[in-house]
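Asks: give the three-dimensional model of this entry:
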Amino acid sequence: MDCVSATCIKVRNILLSQSARSGLVGLGLIGLCSAASAADKPPLAPDTAAPLSTESRIAATIEFGLPALAEEIGKDIPRLLATIDERVSCVHRRVLIFRVNANCDVWGYVERTGPVSLYGRGDRVYGSVRIHGALEGQGANRFTARIHGDTEASATVEAEARPELGRDWSLDLNFSDGFRWTEPPVLHVLGRDISLAKYAEPRIRAQLAHVRARALAAARRLDLHDKAATAWHHAFEPIELSDSPQIWLQLSPQTAAFAGVRADSHVLRGSLELAGTAETFVGQNPPVTATALPALGHDVSDPGDFDVILPVRLGYDVLKDKITQALAAVTPVAGMSVGDVDVYPSSGKLIIGLRLTKADDNAASDGQWVYLSGALQVDEDGHAIRLSGFGLTTDNADMNAIITPLIAQLSEKVSVDYGVAYQNLLTTANEKLTRQLRDGYRMEGRLSSAKLDKVYLPVDGVVIALRASGALKILYGM
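Replies: Predicted structure coming up:
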């Protein structure tokens, strides 16, 4: 008599010795034994390795120190802004019975008296520079030679720029500027005030037009296209998120959009959004060739979140140990206990094989294998996985008398905590995402949260794919 038959007879005798109802179960179990022993074991059929990929966005931010930019612009602004040499009609009055009309020669200069000052607020950059003017007026002939006057005045030239980036990567500062006198230049001649602003201001405005052109040229010398192209190529460089197990992140940006300018008292930041895919690989990272920087797409208000799939792997041996520990405390049903456990995937389901043995079975081959099929339930808040919806792979209600208590124990007691593995992977990934790059660039990344994306059952263990969100920046400058 083989071990399977012996096991069936043993169970039958125990159940037949109970109540009449139990006897019916025993009679049913006799038929089940031959059926169960002939039942095929569910085949090993792991999930096909699916790409751990998601749409993602990276912020490429180019930073410039405003003091350095102000100094660069200041180099193109001359010290002497304007010279004045005019003959004006300065006297129109009646003296006694005579009407006196006299001309005066007016000469002077307007110069820059301080450096260019730049500061930012929101999406605008503001600049200012102090200027000073000195003017003199003198009668133009011998009859008016005694007419003389002079004046000095200061003004502040103020400019506002709202930088915009064209689809061809050309930079437009969108200037608006003006100036205000601290005290308007007025020449006092023979008790009459002659405003000289109309002589000084056209020259100042003409010079401001040159200043705008020089400032735009200085801004374009920053070569945003070249810097953006370098940041774009850096985005394709693979990132090792973990070395045990080895997990690689491969970014493949596809589009670029201008995300505006932000500035404060010290820094001007121009941001791009690089959008594409972020894919994680366990083991070897396949080589990816960087593409050329594309034309700019439509502007976006702000770079979107960076998303990446983080795979947490739990070996089937871990589940087997947990199941074995839980079943060790189960009271044998109908004299049957579990002598061995097997865990493997089959067509999207988790299969748990249980070798049922009787008390006097000694050999490893003794007993009868039964197989349960079910799924894994992920507790996101508790960072744990549990067994869910398990039942016999063969359709025979009589076996439930033995299996149902076992399933109840497994559902209640089998819980595998993946919190430590998740936290270790998240911490390591954050450390790897912040790093120095070449050519004056650096990367700063921070993943702050994760939610369940999917559970996979490949051949070597359960993979809990978590979608982690945060921010990833490629920075140039400060």
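
Asks: show the end-to-end separation of stretch 235-242, please.
Replies: The first and last residues of stretch 235-242 sit 18 Å apart, counting by C-alpha to C-alpha, to the nearest Å.

Asks: contacts for that stretch?
Replies: Stretch 235-242 is contacted from outside by 58, 60, 246-253, 274, 280, 285, 288-291, 310, 425, 428-429, 432-433, 437, 474, using C-beta atoms under 8 Å, 6 or more residues apart in numbering. Backbone N, C-alpha and C define where each C-beta goes, glycine included.

Asks: looking at those residues, which are in helices?
Replies: 425, 428-429, 432-433 (DSSP state H).

Asks: any chance of those residues in TSV with pLDDT and distance to residue 49 as columns?
Replies: Shown next, in TSV, are those (pLDDT from 0 to 100; distance: C-beta to C-beta, whole Å):
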residue	pLDDT	distance to residue 49
425	93	19
428	94	22
429	94	21
432	94	23
433	95	24
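
Asks: out of those residues, who's nearest residue 217?
Replies: residue 433 (37.0 Å; C-beta to C-beta).

Asks: pull out the buried members of the contacts of stretch 235-242.
Replies: 58, 60, 247-253, 274, 280, 285, 310, 425, 428-429, 432-433, 437, 474 (16 or more other C-beta atoms under 10 Å).

Asks: how far away is residue 231 from residue 475?
Replies: Separation of residue 231 from residue 475 (C-beta to C-beta, to the nearest Å) stands at 9 Å.

Asks: which neighbours do those two share?
Replies: 62, 441.

Asks: of those two, who's got more company?
Replies: residue 231 (27 against 19; other C-beta atoms under 10 Å).

Asks: contacting residues around stretch 195-206?
Replies: Outside stretch 195-206, the residues that touch it by C-beta under 8 Å, 6+ apart are 81-84, 86, 88, 106, 108, 110, 131, 133, 135, 137, 151, 155, 157, 179, 181, 184-187.

Asks: show me the helices in the stretch 351-478 of the chain, by range?
Replies: Shown for the stretch 351-478 of the chain, the helices assigned by DSSP state H, counting those that start in this stretch span residues 400-413, 419-433.

Asks: list the contacts of the first one.
Replies: Looking back up the chat, that one is helix 400-413. So helix 400-413 is contacted by 11, 15, 25, 29, 323, 325-327, 329-330, 333-334, 336, 338, 352, 354, 356, 370, 372, 386-388, 390-392 (C-beta under 8 Å, 6+ apart).

Asks: for PyMOL, write a command that selects the buried ones of the residues you listed.
Replies: Entered in PyMOL, the line below selects the buried ones among those, by 16+ other C-beta under 10 Å:
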select buried, resi 11+15+25+29+323+326+327+333+334+336+338+352+354+356+370+372+386+387+390+392
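
Asks: which of the contacts of helix 400-413 fall within strands?
Replies: 336, 338, 352, 354, 356, 370, 372, 386-388, 390-392 (DSSP state E).

Asks: in stretch 420-430, what's buried?
Replies: Under 16+ other C-beta under 10 Å, the buried positions of stretch 420-430 are 421-422, 425-426, 428-430.
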